[in-house]
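Colleague: Below is the sequence, then the predicted model.
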Amino acid sequence: MLPAIFLLSTGIGRLELSASGAAFTLLLLATLGYYLPNIILARLIASRQRELFENFPDAIDLMTVCVEAGLGLDAALAKVGEEMKISSQVLAEEIHLVGLELRAGASREKALRNLALRTGVEEIEALVAMLIQADRFGTSTANSLRVYSDMLRTKRRLRAEEAAAKIALKLLFPLIFFIFPSLMVVLLGPAFISIYRSILPALSGQ
């Protein structure tokens, strides 16, 4: 509401609008001010989550290598966060925040749960649950990470195949409304011109 009032008072308010025009403009700007920030925020969140998902398998592979090399989970997270700056600044920042929480005295479970809560990515939430369970029961973290990495790459491949399968449906309407009419003109245009030229003399003779 405030952006609409501000715009009316500074720019649009200077114009000599009728009462109905001013009310309509105020309503339109208020609607935009109410819905547009949420739409932009939703797009930014979706873009951030997509980047996290696409780069997450690489981070898991790197974490697996670090754990198998003898590093603890905390040190492995720090190493992954440092190395992932090259490919994904967003994922590197999230992992770096986990390290900051651990150094600030938070428990590993708390820091990992905060990571899942911040990102809102299903795959990260599953990893956090797996790491917490492995930490509680003392199971091998490296083996769990390796299995999860394979599963995650399979899921990413299936998602890519699903997106590729939807391309044909998305191209259907542009084909029908834009390409097919042009193609019909190119193919049938000369035939119609020939028919018209052959019929025109007969019509003129009448």
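Modeller: It's in. Numbering: from 1, shown residues only.
Colleague: Report the contact partners of the closest residue to Cys66 other than its chain neighbours.
Modeller: The spatially closest residue to Cys66, leaving aside those adjacent along the chain, is Ala76, at 3.8 Å (C-beta to C-beta, 6 or more residues apart in numbering). C-beta coordinates here come from the backbone N, C-alpha and C atoms, glycine included. Each residue near Ala76 by C-beta atoms under 8 Å, 6 or more residues apart in numbering is listed here: 63, 66-67.
Colleague: Flag the shaky bits of the chain, pLDDT-wise.
Modeller: Under the criterion pLDDT under 70, the flagged ranges of the chain are 1-19, 200, 202-206.
Colleague: For it, just list every one of the helices.
Modeller: In the chain, helices defined by DSSP state H lie at 2-10, 19-68, 73-83, 89-103, 108-119, 122-137, 141-174, 180-205, listed in chain order.
Colleague: winner for burial among those helices?
Modeller: Across the helices of the chain, the average number of neighbours (mean count of other C-beta atoms under 10 Å) peaks for helix 73-83, which reaches a mean of 19.
Colleague: give the contact list for Lys114.
Modeller: Not Lys; residue 114 is Asn. With contacts defined as C-beta under 8 Å, 6+ apart, Asn114 is in contact with 97-98, 101, 106.
Colleague: mind running it again at 10 Å?
Modeller: Contacts were defined as C-beta atoms under 10 Å, 6 or more residues apart in numbering; by that measure Asn114 touches 94, 97-98, 101, 106, 128.
Colleague: Pick out the most distant pair among those residues.
Modeller: Greatest spatial distance among those (C-beta to C-beta): Glu94 and Ala106, at 14.8 Å.
Colleague: Centroid-nearest residue for the chain?
Modeller: Ser47 (3.2 Å; C-alpha atoms, centre = their mean).
Colleague: about what we covered before: I'd like to know which of the contacts of Ala76 is nearest to Ala164.
Modeller: Of all the contacts of Ala76, the one with the least separation from Ala164 (C-beta to C-beta) is Met63, at 28.8 Å.
Colleague: Could you list the domains of this structure?
Modeller: The record assigns the chain these domain ranges, following automatic domain parsing: 2-45, 54-162.
Colleague: can you put the ones you listed in TSV and add distance to Arg197?
Modeller: Formatted as TSV, the entries for the domains of the chain read as follows, by distance: least, C-beta to C-beta, whole Å:
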stretch	distance to Arg197
domain 2-45	54
domain 54-162	52
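Colleague: what's the closest of the ones you listed to Leu188?
Modeller: When those are compared for distance to Leu188 using C-beta to C-beta, the nearest one is domain 54-162, at 37.7 Å.
Colleague: Off-centre distance for that closest one?
Modeller: Using C-alpha atoms, centre = their mean, to the nearest Å, the mean C-alpha position of domain 54-162 is found 20 Å from that of the whole chain.
Colleague: From one end of it to the other, what's the distance?
Modeller: 15 Å (C-alpha to C-alpha, to the nearest Å).
Colleague: before we move on, back to that, tell me which residues touch the residue nearest to the centre of the chain, please.
Modeller: Contacts here follow C-beta under 10 Å, 6+ apart; on that basis Ser47 touches Val90.
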